[in-house]
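Enquirer: Just need the structure, nothing else, for what follows:
(chains A and B)
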Amino acid sequence: MATEQQLDFDRSQLGVEYPAGAFQVRKEDILRYCKAIAERAPVHTDEEAARAAGHPSLLAPPTFCAMFVRAMGRPDIRLTFGRTSFHAGEALEAHAPIYAGDTLSAATRLKEVYAKTGRSGTMAFIVWETSFTNQHGELVASVQESFVRRD
Amino acid sequence: MPRYFDDVEMGEELGPLETTATDASVREFCEVWGTGSANRFTDHEAARKEGLTGAIVPGIMSMALLSQLLTQWADGGSVKKLDVVFRQLVPHNIPLRIVGVVTDKNQVAGENLVECDVYLETGQGDRMVGGKATLSLPRKE
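Expert: All right, here's what the predicted structure looks like:
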């Protein structure tokens, strides 16, 4: 049974922040995203309605920026535990609105790696945290992704 | 019509929002996401080669579906936090129900916050994705 102390990975990467690119928030992507999830709130689907509601342009749905996380190149943390990996959870915190036309800068860091033992055995959890800042230097969102590795 | 903090009651139910993640809607989502080529999310055969019974809905799409319930319910408000756990793989083309319940309400630093539990279930009530959300709502003048 692996414990947190016994997990073998590159601990020097804990907390190290990596710039993870710039991302354009495009109106057409917001509209396609809304179409895919059948989002109908006018502030997300109709630019005029968004402006009438006091927004400068189309408002991105709350979870929109989570899509950018996949495109980030992350370092291999060289975790030796487990053979299969899956996405266990995702946590989003919205700090400010994201609009069509924004350019977001992202930074990502390895937040924690820990072991947990349950009825199905021991699993290793790898947690990455990514923050998004807009072109005005304002923190707009934080996204935390948890992945599980198990035998 | 805006939903006001003043009118929200503990135990109040959100939804249900009934939806289906179809092959086409998942493909559209994946194209925006940048994963439009054949893979476990977009192609049943590719998914079967990975040992799955068929193509599955990406976790962040399930999360987006949950957030849709929140944006629809919290008209005039905003989603501050959404924390989800992917309990089971979500297949394409089955009826899904998205439901929630208000668990707490607080005023913090001038914000009117409502806490909710939210779930994405099958039509039979089997919970596949679960989460907790914090919403900010306006108050009546």
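Enquirer: Could you identify the helix or strand that succeeds the longest helix along chain A?
Expert: Scanning chain A for the helix with the most residues, using DSSP state H, yields helix A:27-37. Sequence order places helix A:42-45 as the next helix or strand after helix A:27-37, per DSSP states H and E.
Enquirer: check contacts around A:Asp46.
Expert: The neighbours of A:Asp46, taking Cβ atoms under 8 Å, 6 or more residues apart in numbering or on different chains as the test, are A:Leu58. To be clear about C-beta, it is placed using only N, CA and C from the backbone, and glycine gets the same treatment.
Enquirer: ugh, wrong one, I meant B:Ser62
Expert: B:Ser62 is in contact with B:Ala21, B:Val84, B:Phe86, B:Val90, B:Leu120, B:Met128, B:Val129, counting by Cβ under 8 Å, 6+ apart.
Enquirer: my guess is the fifth one meets B:Leu89, correct?
Expert: No - B:Leu120 is not in contact with B:Leu89 according to Cβ atoms under 8 Å; the separation is 11.8 Å.
Enquirer: The lowest-mean-pLDDT helix or strand in chain A packs against which elements?
Expert: Sorting the helices and strands of chain A by mean pLDDT, DSSP states H and E puts strand A:17-24 at the bottom, at a mean of 89. Counting contacts by 3 or more Cβ pairs under 8 Å, 6 or more residues apart in numbering or on different chains; DSSP states H and E, strand A:17-24 packs against strand A:103-118.
Enquirer: Kindly export the strand it packs on (C-alpha atoms) in PDB.
Expert: Once non-C-alpha atoms are left out, strand A:103-118 reads as follows in PDB (Å, rounded to 0.1, in the frame of the first residue of the first chain):
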ATOM      1  CA  THR A 103      -7.100  37.600 -24.300                       C
ATOM      2  CA  LEU A 104      -6.400  35.300 -21.300                       C
ATOM      3  CA  SER A 105      -2.900  34.500 -20.000                       C
ATOM      4  CA  ALA A 106      -2.600  31.300 -18.000                       C
ATOM      5  CA  ALA A 107      -0.200  30.000 -15.500                       C
ATOM      6  CA  THR A 108      -0.300  26.400 -14.200                       C
ATOM      7  CA  ARG A 109       1.300  24.700 -11.200                       C
ATOM      8  CA  LEU A 110       1.400  21.300  -9.600                       C
ATOM      9  CA  LYS A 111      -0.600  21.900  -6.400                       C
ATOM     10  CA  GLU A 112      -0.400  18.500  -4.700                       C
ATOM     11  CA  VAL A 113       0.200  14.800  -5.100                       C
ATOM     12  CA  TYR A 114      -1.200  12.400  -2.500                       C
ATOM     13  CA  ALA A 115      -2.300   8.800  -2.000                       C
ATOM     14  CA  LYS A 116      -5.700   7.700  -0.800                       C
ATOM     15  CA  THR A 117      -6.700   4.100   0.000                       C
ATOM     16  CA  GLY A 118     -10.300   3.000  -0.300                       C
END
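Enquirer: List the buried residues for stretch B:32-47?
Expert: By neighbour count on 16 or more other Cβ atoms under 10 Å in any protein chain shown, the buried set for stretch B:32-47 is B:Val32, B:Trp33, B:Thr35, B:Arg40, B:Phe41, B:Thr42, B:Asp43, B:His44, B:Ala47.
Enquirer: measure that stretch end to end?
Expert: For stretch B:32-47, the separation between the terminal residues is 20 Å (Cα to Cα, to the nearest Å).
Enquirer: What's the mean pLDDT across that stretch?
Expert: Averaging pLDDT along stretch B:32-47 yields 90.
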